[in-house]
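**Student:** Take this sequence and fold it.
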Amino acid sequence: MNLSLGIDIGSSSTKAAALDEHGTLLGTLQVHADDPRTSAYGVLGCFLNQQGASFGDVEKIVLTGLGSTYFHENIFGIPTIHALELDAIGRGGLYLSGLDEALVVSLGTGSAFIRASKTNGFRHLGGSGVGGGTLVGMAERFLGVTDIFALSEMALRGNKAMADLRIADVQEEDVPGLAADLTAANFGRIKSGASDLAAALFNMIYENVGVMASLALSQDTTRNVVLTGSLASLAPAAKTFDIFNQMHDIFGIDYIIPPHPSFATAVGALLCDPLPEN
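**Tutor:** You can find the predicted model right below:
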């Protein structure tokens, strides 16, 4: 077995993905650790054990993400290189979606917007501090919940309409181009309990990112937005997809959650040109 391993070392988790010599995705794995070096070595060992592979099967390791700056040496003697995270996001989003061009959005601790094209390259359009960090911080402060999966389960049981002020709540007649279920004000009329607040928290993140993506493409020819990152893989993302469908009707944009969205950056790192050595 010959494989290349991409490792995305983020602020809250580390993700690994492997491609074989033909560019086929072999598998993925995610671990959580506070220390970047501990998490990177841990995900490498766990991944090889999962695949029944050894260090000798790994041709190269490509590191990306904020934590990759802690590494200046080969890992276990395996050739180890670095890839620019923003390029990795774009390349990974295109690979997983099967598209030639799109706006790739990484829903991580914050949100990054990458205009990605196999022909014209990859351009960072900007970012937002609204993301997973917002979700976790607000959930801990207002709901006392620190586990993202427990929060997801709460959100699935909740009804965001019991916390958000919707278009339908502020006027009697339909407004052309605005769906009645769209949000007029996040947390504009809190009426019920924790599950409804959890649902409204997820909705706030997804809806605002969706609107920002549509604005980023307002003068663009591409109509595809690929949503990647940890928040795109959680169950509330699928439940909220009716909101993205409504945005499609308003803005004419297709919002896509590809397979393995959490691992787009790790996959994309393997497709990037290596960064030059200092």
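
**Student:** Spatially nearest residue to the residue nearest the centre of the chain, not counting backbone neighbours?
**Tutor:** For the chain, the residue nearest the mean C-alpha position is residue 229 (1.5 Å; CA atoms, centre = their mean). Excluding its sequence neighbours, the residue lying closest to residue 229 (CB to CB, 6 or more residues apart in numbering) is residue 107, at 3.7 Å. Backbone N, C-alpha and C define where each C-beta goes, glycine included.

**Student:** next one: residue 188
**Tutor:** residue 165 is the one closest to residue 188 (CB to CB, 6+ apart), at 2.8 Å.

**Student:** For that neighbour, give me its contacts.
**Tutor:** By CB atoms under 8 Å, 6 or more residues apart in numbering, the residues touching residue 165 are 183-185, 188-189.

**Student:** go on, residue 248?
**Tutor:** Neighbour list for residue 248: 254-255 [criterion: CB under 8 Å, 6+ apart].

**Student:** and the contacts of residue 165, which are buried?
**Tutor:** Buried members of these, counted by 16 or more other CB atoms under 10 Å: residue 183.

**Student:** export the longest helix along the chain as PDB, just CAs?
**Tutor:** The longest helix of the chain (DSSP state H) is helix 194-216. What follows is helix 194-216, C-alpha atoms only, in PDB (Å, rounded to 0.1, in the frame of the first residue of the first chain):
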ATOM      1  CA  ALA A 194     -33.000  25.300  25.600                       C
ATOM      2  CA  SER A 195     -33.700  23.100  22.500                       C
ATOM      3  CA  ASP A 196     -35.300  26.000  20.700                       C
ATOM      4  CA  LEU A 197     -32.300  28.200  21.500                       C
ATOM      5  CA  ALA A 198     -29.900  25.500  20.300                       C
ATOM      6  CA  ALA A 199     -31.800  25.300  17.000                       C
ATOM      7  CA  ALA A 200     -31.700  29.100  16.700                       C
ATOM      8  CA  LEU A 201     -28.000  29.100  17.300                       C
ATOM      9  CA  PHE A 202     -27.300  26.700  14.500                       C
ATOM     10  CA  ASN A 203     -29.700  28.600  12.200                       C
ATOM     11  CA  MET A 204     -27.900  31.900  13.000                       C
ATOM     12  CA  ILE A 205     -24.600  30.500  11.800                       C
ATOM     13  CA  TYR A 206     -25.800  28.700   8.700                       C
ATOM     14  CA  GLU A 207     -28.100  31.500   7.600                       C
ATOM     15  CA  ASN A 208     -25.600  34.200   8.000                       C
ATOM     16  CA  VAL A 209     -22.900  32.300   6.200                       C
ATOM     17  CA  GLY A 210     -25.300  31.500   3.400                       C
ATOM     18  CA  VAL A 211     -26.200  35.200   3.000                       C
ATOM     19  CA  MET A 212     -22.500  36.200   3.000                       C
ATOM     20  CA  ALA A 213     -21.700  33.600   0.400                       C
ATOM     21  CA  SER A 214     -24.500  34.900  -1.800                       C
ATOM     22  CA  LEU A 215     -23.100  38.400  -1.500                       C
ATOM     23  CA  ALA A 216     -19.600  37.200  -2.300                       C
END
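
**Student:** C-terminal to it, what's the next element?
**Tutor:** strand 224-228 (DSSP states H and E).

**Student:** Give the buried residues for the helix or strand that that following strand is followed by.
**Tutor:** Per DSSP H and E, the first helix or strand lying C-terminal to strand 224-228 is helix 230-233. Judged by neighbour count (16+ other CB under 10 Å), helix 230-233 contains these buried residues: 230-233.

**Student:** Return the list of strands paired to the helix or strand where residue 59 lies, each annotated with direction.
**Tutor:** Here residue 59 sits within strand 58-64, counting by DSSP H and E. Using DSSP bridges, the strands paired with strand 58-64 are strand 3-9 (parallel), strand 80-82 (parallel).

**Student:** I'd like these as CSV, with mean pLDDT, mean neighbour count and distance to residue 220 appended.
**Tutor:** CSV is the format used below for the strands paired with strand 58-64 (pLDDT from 0 to 100; neighbours: other CB atoms under 10 Å; distance: least, CB to CB, whole Å):
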stretch, mean pLDDT, mean neighbour count, distance to residue 220
strand 3-9, 95, 27, 27
strand 80-82, 95, 19, 30
